[in-house]
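Participant: I would like the atomic coordinates for the input below:
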Amino acid sequence: MRIFGLNFDAWDTTFERKLYMVFAGGAYFATVYSGSVSVIFCICLLFTPFWWLVLLYISWLFLDRHTPSQGSRTVNFLENIIFWKYVHNHFQINLKLTPDFELNPSQNYLFACFPHGVMPMGCHATIANSYSKFRSLYPDFRVKIATLSFFFLFPILRDLAMGVGFISCSFKSLVSVLSDPKGGEIVLLFPGGALECFYNQNQPQRFRCVVKQRKGFVKAAFVSGAALVPVLTFGENDLLAVRGSFWKHISFITKKFPTLASGLFYGRGVFQDNFGWVPRDIPLMTVVGTPIKVSKTEYPTSEQIDDLHEKFQEELVKLFDKYKYQYFDSPQDKCLELE
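Facilitator: Below you'll find the model as predicted:
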């Protein structure tokens, strides 16, 4: 239904469906903007009789500053609140595991996920979300998501992020988590990062992955002995996108400062699908490839890293070429571009 140039949803869209949109949009808004809101809140609190709470919290931040790079501090209550169920149900998810995919509970795994998208909400909903099919299939594994260390500088947000399984994506952090002798650790890492997000922002239908110069995750797999798993999410680039000539005029900003890009995108609204903070409810297909076994090597040589990196890229391309026929309408025209 089109009114004043906006495409509104059908009048008989269920309340439950709208509720899913509200929670998914809330998750995006909280991730992008709550850090800034928390800083403003703390500054305002300094001018009240409760100023001492801010100083106390800053002291706590200093004492707790290494936790994000030491496995964080997961809180079961935060991981399993009903909020995540509604966020999960917003997405049209299809999880695909390769025929020979198998996880060993005594082994740790580094899931290298592509593409990054504006914000990898699709991959999170499919694998990391407590209500996902993947978590129900492998309940004994602890799933963590690696993100920028900068993310943990924001008060309040950092503690909530750690509570739901976010860790720093630094090399030290990855090795620390993936070296757990008990096993059962899965870390989702998005090697393409914000640069990959920039490449795909104006052409979300393309599949361009930044991986050729990203070898740190391969070295982390060697040092920790974690198996390396290629993961592709079809549709991730289309959840949130940038459209219109205005964005092209400021693309030089997002290319130079790609971490700012996530705040400049939009998806749909709760009642119309032209703009808003709600990720688009399009079909998603996350394909988890066969784990590549890695022998633990404390000091891997450049040749070892290059060989494993090359093998990983080959597996990533094979994964795309095999499963694109199950997602795209014209798969013969699609190819994976490695940058």
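Participant: Quick one: distance of the longest strand along the chain to the chain centre.
Facilitator: Across the chain, the strand with the greatest residue count (assigned by DSSP state E) is strand 227-234. Taking Cα atoms, centre = their mean, to the nearest Å, one finds strand 227-234 lying 12 Å from the centre of the chain it belongs to.
Participant: which secondary structure elements does that strand contact?
Facilitator: Judged by 3 or more Cβ pairs under 8 Å, 6 or more residues apart in numbering; DSSP states H and E, strand 227-234 is in contact with strand 109-114, helix 121-123, helix 216-224, strand 283-288, helix 302-323. The way it works is simple: take the backbone N, C-alpha and C, and place the C-beta from them, glycine included.
Participant: ok, then the element right after it?
Facilitator: Moving toward the C-terminus from strand 227-234, the next helix or strand (DSSP states H and E) is helix 236-239.
Participant: I'd assumed residue 298 was in a helix, is it?
Facilitator: No - assigned with DSSP: H, G, I helix; E, B strand; the rest coil, residue 298 falls outside any helix and is coil.
Participant: I'd like the distance between the spatially closest residue to it that is not a sequence neighbour and residue 167.
Facilitator: Nearest in space to residue 298, with sequence neighbours left out and distances taken as Cβ to Cβ, 6 or more residues apart in numbering, is residue 223 at 6.2 Å. When Cβ to Cβ, to the nearest Å is the yardstick, residue 223 and residue 167 sit 16 Å from each other.
Participant: the more surrounded of those two?
Facilitator: Ranked by neighbour count (other Cβ atoms under 10 Å), residue 223 and residue 167 place residue 167 first, with 29 against 19.
Participant: For that one, which three-state class applies?
Facilitator: The assignment at residue 167 comes out as strand when based on three-state DSSP.
Participant: residues in contact with it?
Facilitator: Counting by Cβ atoms under 8 Å, 6 or more residues apart in numbering, residue 167 touches 68-69, 71-72, 144-147, 173, 177, 187.
Participant: Listing request: residues of this protein with sub-threshold pLDDT.
Facilitator: Across the chain, the ranges flagged by pLDDT under 70 are 1-5, 198-206, 242-265.
Participant: quick check: longest helix of it.
Facilitator: Using DSSP state H to define each element, the chain has its longest helix at helix 15-45.
Participant: Only the buried residues of it, if you could.
Facilitator: Within helix 15-45, the residues scored as buried using 16 or more other Cβ atoms under 10 Å are 20-21, 23-28, 30-32, 34-35, 38, 42.
Participant: Give me the neighbour count for the spatially closest residue to residue 185 that is not a sequence neighbour.
Facilitator: Counting by Cβ to Cβ, 6+ apart, the nearest residue to residue 185 once its immediate chain neighbours are dropped is residue 108, at 4.3 Å. Residue 108 has 23 neighbours, counted by other Cβ under 10 Å.
Participant: Distance-wise, check residue 108 relative to residue 239.
Facilitator: With distances taken as Cβ to Cβ, residue 108 is found 29 Å from residue 239.
Participant: same question, residue 90
Facilitator: 10 Å.
Participant: So if I had to pick from the two, which one is more boxed in?
Facilitator: Using other Cβ under 10 Å, the more surrounded residue of residue 90 and residue 239 is residue 239, with 27 against 22.
Participant: which residues touch the closest residue to the more buried one other than its chain neighbours?
Facilitator: In space, and not counting its chain neighbours, residue 239 is closest to residue 279: 4.1 Å by Cβ to Cβ, 6+ apart. Contact partners of residue 279, counting by Cβ under 8 Å, 6+ apart, are 24-25, 28, 90-91, 121-122, 239-240, 267-268.
Participant: now with 10 Å?
Facilitator: Neighbouring residues of residue 279 by Cβ atoms under 10 Å, 6 or more residues apart in numbering: 21, 24-25, 27-28, 87, 90-91, 117-119, 121-122, 125, 236, 238-240, 265-268.
Participant: number of nearby residues for the closest residue to residue 124 other than its chain neighbours?
Facilitator: What sits nearest to residue 124 in space, not counting adjacent residues and going by Cβ to Cβ, 6+ apart, is residue 145, at 6.6 Å. By other Cβ under 10 Å, 23 other residues sit near residue 145.
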